[in-house]
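Asker: the amino acid sequence is not available; the structure is as follows:
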């Protein structure tokens, strides 16, 4: 471990800004130009706004909610909240209004930061139910009764700090490792959101342990595009600040492709969806080329798969394959690297399972993709692959300083300084989340099912609550089957169903861009998405794809029926959580008639 490591996020952030006072620790777009913020300026603005919160009556332990898109103001405000011992309660920018209302009420929020007038209007109906709640606006121009401008908060903070410079330091010094830092409301795939209570110790340990485990080098460049309302990206930013990596905020998901080329990051944290889109774009480009170009592309992919296998299992590539890889690099791979900026040393993927095909191609092409695993309740990282130990299909080895074991029923258990304090105002749910072993040790139950191999690599097979039990009594892991099916270039999303049914079926949202290209080649004409998926030829294509990608499954795991959907699953539609996890109950309710039709003849 580090010598004399910081014990709280306040200490971590202060040391990080003190170490690089004149370096640009943050960069972001302003008036379409990239501008920077030094460590000294970040600390000053956090201190001033912390003093402003103190002047507004916010005290240690007070919940302060934040409904804002990621960016420098999010980070500065987070710093301000933490530095006075208050509790950051982040809300996703896309959080449904009824959930915003629930979280504000459940958390007893004293103050709410809102990023824009658009967001204010979006949640206005919920805010009317909290007449005493004070609102601070990042964007100027919406000041009214009960709404304070961010500039006013800063002005008040400057006055207070000038008059009482020791007050802020005294308040900050009271923050201890066990001080509550954040209440983060979990996705709620099966019910109402639960507020996970994370302390300064939880998050600080995870940032330091993850940075050391990954051997993050000082002087790197990160592009941040994931929401800071999720603990994964937020922890990575603390890690980057402490380990000397410059943070660049993307303009949004729609600008990431261009931002990667501008910033040329060495480090990114991501979810598999971005990598899948980059890969799909590369496949589409190749499919539009000549017959020779298509053959070269497929050959290069095969070289990448073989190379990744040698790299991750043996550490080096045999001479003949190395020569082939050099040729493939000149013809294909360099384009893929350029698509992610050309200087990537690590892409850490979390939030969902990473398809092995994507990992193999990226790693084989010289882009190290490292899959990790964790939960909000574990601040969040439990395990992650590294450059020296990267096993495709695994989520890596557990971080140093924490423990992992597999329960008798296959559930993954963990304990250590990363494990949360419990669910806010939910003692029963908290008690159900822990178990005690015969030695009296308390373990957090992750709810995930998996195993560890003889080398200590952890594998996730499914969520315990998601396991399907067929009417024949066979247990099926739907996520594993979904990952296999998603390996098809024609599949955008896949959800497996079949609980208490005779066999397994799947709902598929096609990649319509790829599907239309195929349809044109096959001589199929359709005016709409619905018309395209209703053609016999299209259904036959997906039957062949599903059969091809699931051929090695046991018979009881194999998909017997398929339904194609014209509309994708979305957060706004209620089928996905803000972290893009599938809400299976919602999907099964929404498509109950369609699902029943897949079993009508067999189960009538």
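Answerer: Everything's here; your move. What you are looking at is a predicted structure, and each value in this text was computed from that prediction instead of being measured.
Asker: spatially central residue in the protein, please.
Answerer: The structure's the chain has its C-alpha centroid closest to residue 351; by C-alpha atoms, centre = their mean the separation is 4.0 Å.
Asker: assign a three-state SS to it, would you?
Answerer: Counting by DSSP: H, G, I helix; E, B strand; the rest coil, the backbone at residue 351 sits in coil.
Asker: show me the strands in the stretch 151-300 of the chain, by range?
Answerer: Using DSSP state E, counting those that start in this stretch, the strands of the stretch 151-300 of the chain run over 180-185, 195-199, 221-224, 246-249, 267-270.
Asker: in CSV, list these along with mean neighbour count.
Answerer: C-beta here means a position set from N, CA and C on the backbone, and glycine is covered the same way. What follows is the strands of the stretch 151-300 of the chain, written out as CSV (neighbours: other C-beta atoms under 10 Å):
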stretch, mean neighbour count
strand 180-185, 25
strand 195-199, 24
strand 221-224, 24
strand 246-249, 24
strand 267-270, 25
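Asker: could you dump those strands into TSV with mean pLDDT added?
Answerer: TSV is the format used below for the strands of the stretch 151-300 of the chain (pLDDT from 0 to 100):
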stretch	mean pLDDT
strand 180-185	97
strand 195-199	98
strand 221-224	98
strand 246-249	98
strand 267-270	96
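Asker: of all those strands, which one is nearest residue 600?
Answerer: Using C-beta to C-beta as the measure, strand 180-185 is the one of the strands of the stretch 151-300 of the chain that comes nearest residue 600, at 39.3 Å.
Asker: which helix runs longest in the protein?
Answerer: When the chain is parsed with DSSP state H, its longest helix is helix 291-313.
Asker: list the buried residues for the helix or strand just after that one?
Answerer: Of the helices and strands lying after helix 291-313 in sequence (DSSP states H and E), the nearest is helix 319-328. By 16 or more other C-beta atoms under 10 Å, the buried positions in helix 319-328 come out as 321, 324, 325, 328.
Asker: let me know the closest of the residues you listed to residue 218.
Answerer: Of all those, residue 218 sits closest to residue 325, with 30.2 Å by C-beta to C-beta.
Asker: show me what contacts the closest residue to residue 426 other than its chain neighbours?
Answerer: Distance criterion C-beta to C-beta, 6 or more residues apart in numbering; nearest residue to residue 426, sequence neighbours excluded, is residue 194 at 5.9 Å. For residue 194, the contact set (C-beta atoms under 8 Å, 6 or more residues apart in numbering) comprises 185, 186, 188, 423, 424, 426, 429.
Asker: could you identify the most distant pair in these?
Answerer: 188 and 424 (13.6 Å).
Asker: list the residues that contact residue 116.
Answerer: If you count contacts by C-beta under 8 Å, 6+ apart, residue 116 has them with 69, 137, 138, 139.
Asker: between these, which sits nearest residue 437?
Answerer: Sorting those by distance to residue 437 puts residue 69 at the head of the list, at 43.0 Å, by C-beta to C-beta.
Asker: state the pLDDT value of that closest one.
Answerer: Residue 69 is assigned 95 on the pLDDT scale.
Asker: span of stretch 431-451 from start to end?
Answerer: Using C-alpha to C-alpha, to the nearest Å, the end-to-end distance of stretch 431-451 comes to 24 Å.
Asker: check which residues of that stretch are buried.
Answerer: 433, 443, 444, 445, 446, 448, 449, 450.
Asker: quick check: the third one is in a strand.
Answerer: Yes - under the criterion used here (three-state DSSP), residue 444 sits inside a strand.
Asker: that one - nearest residue in space that isn't next to it in sequence?
Answerer: residue 419 (4.7 Å).
Asker: same question, the fifth one
Answerer: Nearest-residue entry for residue 446: residue 412, 4.6 Å, with adjacent residues in sequence omitted and distances by C-beta to C-beta, 6+ apart.
Asker: could you dump the buried residues of stretch 431-451 into a markdown table and include distance to residue 45 and pLDDT?
Answerer: As requested, those are arranged in a markdown table below (distance: C-beta to C-beta, whole Å; pLDDT from 0 to 100):
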| residue | distance to residue 45 | pLDDT |
| --- | --- | --- |
| 433 | 37 | 96 |
| 443 | 41 | 98 |
| 444 | 36 | 98 |
| 445 | 41 | 97 |
| 446 | 37 | 96 |
| 448 | 39 | 93 |
| 449 | 45 | 92 |
| 450 | 43 | 93 |
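Asker: surely residue 513 meets residue 283?
Answerer: No - under the criterion of C-beta atoms under 8 Å, residue 513 makes no contact with residue 283, lying 10.2 Å away.
Asker: mind checking the SS state of residue 417?
Answerer: Counting by three-state DSSP, the backbone at residue 417 sits in coil.
Asker: with adjacent residues omitted, what lies nearest to it?
Answerer: Nearest non-adjacent residue to residue 417, counting by C-beta to C-beta, 6+ apart: residue 205, 4.3 Å away.
Asker: cool, and residue 278?
Answerer: residue 339 (5.6 Å).
Asker: any stretches of this protein with poor pLDDT?
Answerer: Applying pLDDT under 70 to the chain picks out residues 1, 142-145, 187-191, 601-604.
Asker: domains in it, by residue range?
Answerer: Residue ranges for the domains of the chain, per automatic domain parsing: 9-201, 271-463, 467-603.
Asker: how about these in CSV, adding distance to residue 236?
Answerer: Listed next are the domains of the chain as CSV, based on distance: least, C-beta to C-beta, whole Å:
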stretch, distance to residue 236
domain 9-201, 11
domain 271-463, 7
domain 467-603, 14
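Asker: and these: which comes nearest residue 255?
Answerer: Between residue 255 and the domains of the chain, the shortest gap by C-beta to C-beta is with domain 9-201, which sits at 8.2 Å.
Asker: roughly how far apart are the residue nearest to residue 444 and residue 196?
Answerer: According to C-beta to C-beta, to the nearest Å, residue 419 stands 10 Å off from residue 196.
Asker: identify the contacts common to the two.
Answerer: Each of residue 377 lies in contact with both residue 419 and residue 196 under the rule C-beta under 8 Å, 6+ apart.
Asker: ok, how many other residues are close to the residue nearest to residue 141 when sequence neighbours are not counted?
Answerer: For residue 141, the nearest residue in space outside its immediate sequence neighbours is residue 117; the separation is 6.5 Å by C-beta to C-beta, 6+ apart. Burial of residue 117 is recorded as 14 neighbouring residues (other C-beta atoms under 10 Å).
Asker: isn't residue 117 right next to residue 140, touching?
Answerer: No - Residue 117 lies out of contact with residue 140 (C-beta under 8 Å); the separation is 9.3 Å.
Asker: re earlier: wait, what's in contact with the residue nearest to residue 278?
Answerer: Residues 257, 260, 278, 281, 282 are the ones in contact with residue 339 under the rule C-beta under 8 Å, 6+ apart.
Asker: what's the spacing between it and residue 6?
Answerer: As judged by C-beta to C-beta, residue 339 and residue 6 stand 37 Å apart.
Asker: next up, the contacts around residue 28.
Answerer: For residue 28, counting by C-beta under 8 Å, 6+ apart, the contacting residues are 34, 35, 37, 71, 72, 248, 249.
Asker: tell me which two in these are the farthest apart.
Answerer: 34 and 71 (13.0 Å).
Asker: roughly how far is stretch 4-16 from the heart of the chain?
Answerer: Taking C-alpha atoms, centre = their mean, to the nearest Å, one finds stretch 4-16 lying 24 Å from the centre of the chain it belongs to.
Asker: buried set for it?
Answerer: 5, 6, 7, 8, 9, 10, 11, 12, 13, 14, 16.
Asker: could you do stretch 231-242 as well?
Answerer: Burial within stretch 231-242, assessed by neighbour count using 16+ other C-beta under 10 Å, is assigned to 231, 232, 233, 234, 235, 236, 237, 238, 239, 240, 241, 242.
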